[in-house]
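> Below are the sequence and a predicted model; questions follow.
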Amino acid sequence: MIELESVIERRLIEKLCEGDSQWTYRKDIDTEEKLWENFKYILEQNNKAKLNGTPLTESEFAKIKNDISHATFYDAAKWLVGENGKVYVHVQRGNETLHLVVLNNEHIAGGSSVYEVINQYRVFKAPDDENGKNRRFDVTLLINGIPLIHIELKNKEHAYLEGFNQIKKYIKEGKFRGLFSNVQMFVVSNVIDTKYFSAAGAEELNPEFMTGWIDRENKPVTDYIEFTRSVLRIPNAHEMVTKYTVLDNDKKKLLILRPYQIHAIEAMREASKIGESGYIWHTTGSGKTMTSYKATRNLLMDIPSIQKTIFLIDRKDLDVQTKMAFQSYADNDTIDVDDTENVDSLIKKISDDNRQMIVTTRQKLQIMINKRLKEGTKLYDKICSLKVAFVVDECHRAVTPETKREIERFFRNSLWYGFTGTPIFDENKYEKRGDLAQTTSQLYGECLHSYTIKEAIHDKAVLGFMVENLGPTKIEINVEPSVMYSSENHMRRVLNVILNMSKAKFGMQNGKGRTYEAILTVGSIALAQKYYLLLKKIKEGNDELKINENIYQSLPDFPKFAITYSLSENEETSGVNQELMKESIKDYNEMFGTNYGLDNIGAYNSNLNDRLARKEKKYLDRSQQLDLVIVVDRLLTGFDAPCLSTLFMDRQPMTPQNIIQAFSRTNRLYDGTKEYGQIVTFQSPNEFKENINNAIKLYSKGGDGNPIAEDFDTVKENLSISIKAVHALAPAPDDVMNLSREKQKAFVRLFRVLDKDFSHLKAFSNYEPSILNVLEFSQDEYEDYAAVYKNLMAIFHDSKNNLDEDDDIIRDDYELKAYSKFKIDFDYIIEILQGAVDMIEDIKTDNDEERFYLELASIRAVIEEYMEDNEKNGKIFEEILSDIEANKDKYIHENISVVINDILYSRIDALIGDFAKKWFLNFDDVKYEVYNYKYGELENANKLKESIDYEAYEKSTDNPMKKFKFRVEMIKDFKENLMYELDGYVR
């Protein structure tokens, strides 16, 4: 029998309160007023001495209430970081400021900490919200009266995702206000499946980032009672929202670590307490940088005997990337992260008496030890006797066995913790050299925690891989493979796959600015440069290989490409190499308006890294993006770019660890349409297949599922089965609407499976539409079924149809993936219109008007398709096309881009003028904000507010708004109405 949710709730609370020093059930706290009263009581009890026996006055507490009612969960998280582990509110009493402790995070499971659980808390709609609803929250955990963990429960009849959607809805409605604005962690469960996620705004919440719990052996913990025992009891729950949260200052996000990250940190802490070193094996892409940051930080905070923690990395370019990530995490933390600009800086920071966390490279450390410190001096003795914990990212690349031995001999009291996604085992151990370590365990000690690629894919922490081995299966007799693979014919074949057969791999269906990117890795710098020059010729139209028209239709500027080597690779003295690199940097500068050269190639590489990673907002604009980067080895390890979807490999197979490292550049989670990390190889296919299988076997260590997606033939068979299932239910698209409601739901589920299979098949480079003939299916038939599917979804979402809003059909925001239509680009239409105009003089000479009007008809069809996404600009194009048709002579020698931009700018100016007049603003001030408006924010909202001629406004109306209200309404009108009207015009 299905349990009632009230029974589930009661069982959860009983488990939370079971035993000593656990949660206390407070049934009486069920309104906002009672919640504040309880918080005030605990605050006064914990600060009796500071308050000197005098309770907080009404005005003092009103200020506190205002101070800790936050606009965002991220703001609350910043406050909850506190100072040296303590969270304060400040009260002014006479001439004295009282610093009252709200939370003391050193008092976990004791001291001043008070742990309470409440349920069925009533949240009333806001007084000014006519359409709002009163709500009840399920279960909330309070620490010192503050709601920090909120839980929504469902019974087995419902999916846990319904709890997620409920929370999202409550956030949208503004129900998490006041003290509830401090929630840091949400939990949802339907008894048999339980997930947690960090608090964020409704628009930022993504169900894909919910996390299930696993134990230290990576076994899933899904039952809500078992989850409670593992995560929500004391001290675990308190640690989850203090020790295991990270604030990303760059993204303004609160992050809660995944369970495998927490287990790794705890394992390191336990090892350090007994003076043991070891290594963490977490698959590449699973968030090692964040884990290592928190581990390095917690070692310093938790183990008093450790004087310094040193995060050790290699290579300047990765130093920058890691340092920036660490700094972003540390900006709102209770400790300082000190990066070392030079060796003097390192010596200064490592020798001072502060307990601190230092980020440096092993090169700087070696120079300090070997060249800058003199044995026998006080400074030498002080530094070498420090109790230091080294945390080494990518521990085999950063530190060789020789280097570690050298550093270890200097730091006599050191512990070492290595992080790697690809440990060295006996199967792939280093060559024997004296008594130096040959494996990871010999170098660092035992594996303290592992989380393999199979486990990560199973938990949806990373994506699986889709591999295509397209190299020739036979090599011509008497032809050296190296000669064949470096020939232009082979290179053209590779580039044809990349340029003309990889639309889905580049995500061109996503539209401009939302496409994916790729890396082409080759075997040498010379070959990389050869590829660069050939690609340049092809893009300029000066080669026999041409880019297909349908690619230009989607992305007229495709491909935007660059080339990069690591600094060590680029130190070759060849004048030819230097000259070619100089030329490619010049191309990069012209493409992006930068100013790099050989003298600052490090800055060039760093900028290219940032551009490829797209983690800064400015790189979300198509004009600032790359499609393809040509490399030898650079970027194949330690580089994180979630929008990177594909690795093209025109090189010989690599070692197992290098295969996994390189593949793992592609399988980061990104958006709803990126389903795999895509790998395409172009040499030695049989050898590559064997090496890949061996690498996967070596680095999986059991686990569920297969990291490698099914091959082409298997996916084709899957699609055949899906097509037959849909046809059996509804032989033709028209039949779907005649089905019963339940069978229509069945169609939705079956069609989603078909869509996934079809999308998967189309992602292969060797997919051809003719393949569908064998399956008795077509793209047109898919589109017809898709249209019916969309109609059904619209009906299901219509509340008038009395379908339960929590039905799984409704709650699953599934987006169709297999559409053949790629979004047509504005610039492409200008290009084809210009082509028609350029024909006008020719048709007078050739007397071939029929060809001209056929061309116009073709363009009209393209414009009609474009109008589906941008009706405003589409109508302008339509007007121009009709005018060309009626008055073609007046367009001879006209520049269509200028004609259309003149129309666009006049319409934009008219809308800006109307807005400026309405709100008593200067036209140029509004225009500036319009053209600099990005990601829902004005460039300088305060300046625009200040420029309002409020006096003129007051004189113009009998009942003027207050100045503050007028400004607020102006900004609201700018965002909601003006930018809506301009949408499409401003590109």
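Arrived safely.

> Count the neighbours of residue 465 for me.
23 (other C-beta atoms under 10 Å). All C-beta atoms are positioned from the backbone trio N, CA, C, and that covers glycine.

> And what about it, helix, strand or coil?
Per DSSP: H, G, I helix; E, B strand; the rest coil, the local secondary structure of residue 465 is strand.

> Spatially nearest residue to it (excluding sequence neighbours)?
Nearest residue to residue 465, sequence neighbours excluded (C-beta to C-beta, 6 or more residues apart in numbering): residue 677, at 4.9 Å.

> hang on, that neighbour in a strand?
Yes: looking at residue 677 with three-state DSSP, it is inside a strand.

> which residues in the stretch 51-200 of the chain form strands?
Assigned by DSSP state E, counting those that start in this stretch, the stretch 51-200 of the chain shows strands spanning 86-93, 96-104, 115-123, 135-143, 146-153, 185-189, 194-198.

> Can you add distance to residue 372 and give those strands back as a markdown table?
Listed next are those as a markdown table, based on distance: least, C-beta to C-beta, whole Å:
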| stretch | distance to residue 372 |
| --- | --- |
| strand 86-93 | 39 |
| strand 96-104 | 42 |
| strand 115-123 | 51 |
| strand 135-143 | 48 |
| strand 146-153 | 47 |
| strand 185-189 | 46 |
| strand 194-198 | 43 |
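
> Throw those strands into a markdown table and include mean neighbour count, thanks.
Below are the strands of the stretch 51-200 of the chain laid out as a markdown table (neighbours: other C-beta atoms under 10 Å):
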| stretch | mean neighbour count |
| --- | --- |
| strand 86-93 | 16 |
| strand 96-104 | 16 |
| strand 115-123 | 19 |
| strand 135-143 | 21 |
| strand 146-153 | 24 |
| strand 185-189 | 26 |
| strand 194-198 | 23 |
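
> got these as JSON lines, with distance to residue 503 and mean pLDDT columns?
Formatted as JSON lines, the strands of the stretch 51-200 of the chain follow (distance: least, C-beta to C-beta, whole Å; pLDDT from 0 to 100):
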{"stretch": "strand 86-93", "distance to residue 503": "52", "mean pLDDT": "94"}
{"stretch": "strand 96-104", "distance to residue 503": "53", "mean pLDDT": "95"}
{"stretch": "strand 115-123", "distance to residue 503": "48", "mean pLDDT": "96"}
{"stretch": "strand 135-143", "distance to residue 503": "46", "mean pLDDT": "97"}
{"stretch": "strand 146-153", "distance to residue 503": "41", "mean pLDDT": "98"}
{"stretch": "strand 185-189", "distance to residue 503": "37", "mean pLDDT": "97"}
{"stretch": "strand 194-198", "distance to residue 503": "34", "mean pLDDT": "97"}
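
> returning to what we had before: so how many other residues sit close to the residue nearest to residue 465?
The burial count for residue 677: 24, using other C-beta under 10 Å.

> Tell me who's in contact with it.
462-466, 645-647, 663-668 (C-beta atoms under 8 Å, 6 or more residues apart in numbering).

> same thing but 10 Å
285, 462-467, 644-647, 663-668, 707, 709 (C-beta atoms under 10 Å, 6 or more residues apart in numbering).
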